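Participant: Sharing a sequence plus its predicted fold:
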Amino acid sequence: MYPIHILFEDEHFFAIDKPAGLLVHPSPIERRAPNAVALIREQLGVKAFTVHRLDRPTSGVLIFAKYSEAANKLNLCFAERRVQKTYLCVCRGYTEEQGVIDYPLKEIIDKVADKMANPNKPAKDAVSHYRRLATVELPIPVSKYPAARYSLVEVKPETGRKHQIRRHLKHIFHPLVGDTQHGDGKHNALFRHHFGLDRLLLMATRLEFVHPFTDENIEINAPVSPWVDQLFTQFGWQGHYPATANSSQEAGVPESEPRFS
């Protein structure tokens, strides 16, 4: 159901192209749900040491260490903000051509997993840089408007707060398409009805860092899935995103190509 595809590997680390809908770790809430750590052990026969996370609905570059010392070194790179992360997303409306969202975020507390956490912690600094890559206007009425407008946006977060990109884009009134927690239900419904969308349109497309053992500049890229590629092609967005190259069809997304009706 979730085949593991390797994007990068050396003796210290490996990165996979995480499908949308796949958990990174086992969840205390959904104990039977598939997760990347278990699938890597089952499919590749190796133990994965977690270095960073992607939200369950987010797809793209996810890196692991092969042993604990390597995990500690790369974790430090993330903690010291020496890892550059690039995401691609689709949001409601036309954003500014570029901008910086500097808006502190309070910690999101899960009632089950974080039941011992303090809900009154002050908000932490959170900064995201973004630029608009392309736009589309669809001749579909939504709410009080005769047409629907969307932007393809590249985001480079400086910090790594939970749901940071989703919350930051909502803060500037451009929520992500497919976001059931922070998004716009009317636009999510439009994409479900007209395109068969069943995922969040947020993808981790690039990870860049200086290798903590070799001092090499490492750049790991993940293409969008075939389904997303077909959708973006319908919108005329070719050339503005990493093209599909042997990435797997995402579980939970219709096998047929996006439909416009």
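Facilitator: Looks like it came in fine.

Participant: residue ranges with poor pLDDT in this protein?
Facilitator: 109-119, 244-257, 259-261 (pLDDT under 70).

Participant: By residue count, what's the longest strand in it?
Facilitator: For the chain, the strand with the greatest residue count under DSSP state E is strand 127-138.

Participant: Show me how far that one is from its chain's centre.
Facilitator: 15 Å (CA atoms, centre = their mean, to the nearest Å).

Participant: Give the other helices and strands that it contacts.
Facilitator: strand 98-102, strand 148-157, helix 164-171 (3 or more CB pairs under 8 Å, 6 or more residues apart in numbering; DSSP states H and E). For glycine as for every other residue, the C-beta is placed from the backbone atoms N, C-alpha and C.

Participant: Would you reformat these as TSV and include distance to Val90?
Facilitator: TSV is the format used below for those (distance: least, CB to CB, whole Å):
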stretch	distance to Val90
strand 98-102	17
strand 148-157	6
helix 164-171	10
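
Participant: List the contacts of Arg82.
Facilitator: Phe209, Val210 (CB atoms under 8 Å, 6 or more residues apart in numbering).

Participant: Find the helix or strand that it is a member of.
Facilitator: Assessed by DSSP states H and E, Arg82 sits outside every helix and strand.

Participant: can you tell which of the helices and strands packed on strand 127-138 is closest to Phe213?
Facilitator: With distances scored as CB to CB, the stretch of those nearest to Phe213 is strand 148-157 (24.9 Å).

Participant: The closest one pairs with which strands, and in what direction?
Facilitator: Here strand 148-157 has these sheet partners by DSSP bridges: strand 84-92 (antiparallel), strand 127-138 (antiparallel).

Participant: looking at these, which is buried most?
Facilitator: strand 84-92 (a mean of 23; mean count of other CB atoms under 10 Å).

Participant: outside of that one, which residues touch it?
Facilitator: 58, 60, 133, 149-157, 160, 165, 169, 174-178, 183-184, 187, 201-209, 224, 241-242.
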